[in-house]
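> Return a 3D structure for these sequence lines:
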Amino acid sequence: MLWSPASQAFNLDVDKLTVYSGPEGSYFGYAVDLHIPAARTASVLVGAPKANTSQPDIVEGGAVYHCPWPAQGSAQCRQIPFDSTNNRKIRVNGTKEPIEFKSNQWFGATVKAHKGKVVACAPLYHWRTLKPTPEKDPVGTCYVAIQNFSAYAEYSPCRNSNADPEGQGYCQAGFSLDFYKNGDLIVGGPGSFYWQGQVITASIADIIANYSFKDILRKLAHEKQTEVAPASYDDSYLGYSVAAGEFTGDSQQELVAGVPRGAQNFGYVSIINSTDMTFIQNFTGEQMASYFGYTVAVSDINNDGMDDILIGAPLFMEREFESNPREVGQVYLYLQESELVFRDPQVLTGTEIFGRFGSAVAHLGDLNQDGYNDVAIGAPFAGKDQRGNVLIYNGNKNGLNVKASQILQGVWASQAVPSGFGFTLRGDSDIDKNDYPGKVCFLFP
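Residues are numbered from 1 along each chain as shown. Coordinates of the predicted model:
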């Protein structure tokens, strides 16, 4: 579902929306991005991680759909053919056996576009490992599309000899995904090293260069990874969420990564140096098990030329009465005042029990044209019949207005599970070229 802002009211026009649909049960809308490869050329990319494709013998491998914008007449979303192959096989004792397992791999769980490049990932992709006794490790894999979807390459940074839970065997690469502004890729793998997690970066040029489908083990020369930490960091989930921003004053972006089970389950978010992958600064949650760092976003909210950080903690419990805590969720805004110096966080708190406020946060640009950037926050299980809400907050010189300027409500009930409206958000692209930057997609699986 895609809204555009009303040009007079400076809000999103609830009567002016575009609805895209996918196969039933495919989780169409689990991930979404806007693809704008050139001026006056735009489309919507939608992940459906339980979709079936034409891949031989692959069950619910997942897919990414290309949806036309503007949607006209009977124009339909079409599957992008990132991968049309079966599982690759090797010969073992005279018998061909699969070396990888693409069924139920959740391809399309993440999808990101940067100019003409598109990356989509399957964090539950498994491979056999190199051991004499075959095992199935969920290393995860991603695919890159370039040249208007005419060329593709696979990128699986954790598919290597460092297997098993203590290595990168349970990495789930592609669980989270983003780009630096220069087009380099950021990949989160929260399962590496006994679920300490890690973040990996690489250039698209390196991924594409000399790519061969037969190269199942491939190490990129300029790839960077965070390394294994002491055992006290096990089960932290570094890389659960990722984003990019500039925080050191050198014009080179750093990466931001959520670690929602770190710091003794209080959760934290780290700023990581993009050159040597060292940790520069942490922000720690205030409540155990709130999942602080479930989502992260970067935006210059108060338009002072410095990037600010937004962090979601959708399981935060309000404890006005200790005997009756209320799970409402929170979002924290850290305004940057100078290099690596941030104000104490402004906190926005959800109002509906079990609404999961803060599950998604999207930078919208200056929606109301007042000189400050605005954001959308998803509460996918709030509202009538848990259909989900999306709340729009306008920026000001001191942060965000404490009251939402608009609440968009899910309008379709689901027969089986909550429809999850607001589970996925994407904004800050003038997709219809009317000089209002706050176009945003709110989709649900």
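> tally of neighbours for the closest residue in space to L391 that isn't next to it in sequence?
The shortest distance from L391 to any non-neighbouring residue, by C-beta to C-beta, 6 or more residues apart in numbering, is to A404 (4.1 Å). (Each C-beta comes from the backbone N, C-alpha and C, glycine too.) A404 has 18 neighbouring residues, counting by other C-beta atoms under 10 Å.
> Go ahead and list the helix or strand containing A404.
Assigned by DSSP states H and E, A404 falls within no helix or strand.
> Am I right that it is in contact with I392?
Yes - the criterion here is C-beta atoms under 8 Å, and A404 meets it with I392 at 5.9 Å.
> The residue nearest to L391 and N389, how far apart?
Between A404 and N389 the distance is 9 Å, computed by C-beta to C-beta, to the nearest Å.
> now swap in Q196 and tell me
34 Å.
> How about D300?
D300 is 26 Å from N389, by C-beta to C-beta.
> between those two, who's got more neighbours?
Counting neighbours by other C-beta under 10 Å for D300 and for N389 shows that N389 has the greater number, 26 against 18.
> Now do the contacts for that one.
N389 makes contact with E352, G355, G378, A379, A382, G383, I407, L408, Q409, G410, F421, G422, according to C-beta atoms under 8 Å, 6 or more residues apart in numbering.
> centroid residue for the chain?
Centrality entry for the chain: nearest residue to the mean C-alpha point is S176, 4.7 Å, by C-alpha atoms, centre = their mean.
> Assign a three-state SS to the residue nearest to that one when sequence neighbours are not counted, would you?
The spatial neighbour of S176 that comes closest, neighbours along the chain excluded (C-beta to C-beta, 6+ apart), is G188 at 3.4 Å. Under the three-state scheme (DSSP: H, G, I helix; E, B strand; the rest coil), G188 adopts strand.
> what's the span of stretch 217-227, first residue to last?
Using C-alpha to C-alpha, to the nearest Å, the end-to-end distance of stretch 217-227 comes out at 19 Å.
> Please compute how far that stretch lies from its chain's middle.
Stretch 217-227 has its C-alpha centroid displaced from the chain centroid by 21 Å (C-alpha atoms, centre = their mean, to the nearest Å).
> Need the phi and psi values for L255.
Reported as degrees, to the nearest 10, the phi and psi values for L255 are phi -110, psi 150.
> and it, bridged to which residues?
Counting by DSSP bridges, L255 is bridged to A244, I272.
> State the distance from it to G239.
Taken as C-beta to C-beta, the span from L255 to G239 is 10 Å.
> And for L220?
Using C-beta to C-beta, one gets 18 Å for the distance from L220 to G239.
> Of those two, which one has the most company?
Taking other C-beta under 10 Å, L220 and G239 do not tie; G239 has more neighbours (31 against 16).
> Find the nearest non-adjacent residue to that one, please.
Distance criterion C-beta to C-beta, 6+ apart; nearest residue to G239, sequence neighbours excluded, is G188 at 3.0 Å.
> ditto for G285
Nearest one to G285, counting by C-beta to C-beta, 6+ apart, is F292 at 2.8 Å.
> One more: L124?
W106 (4.4 Å).
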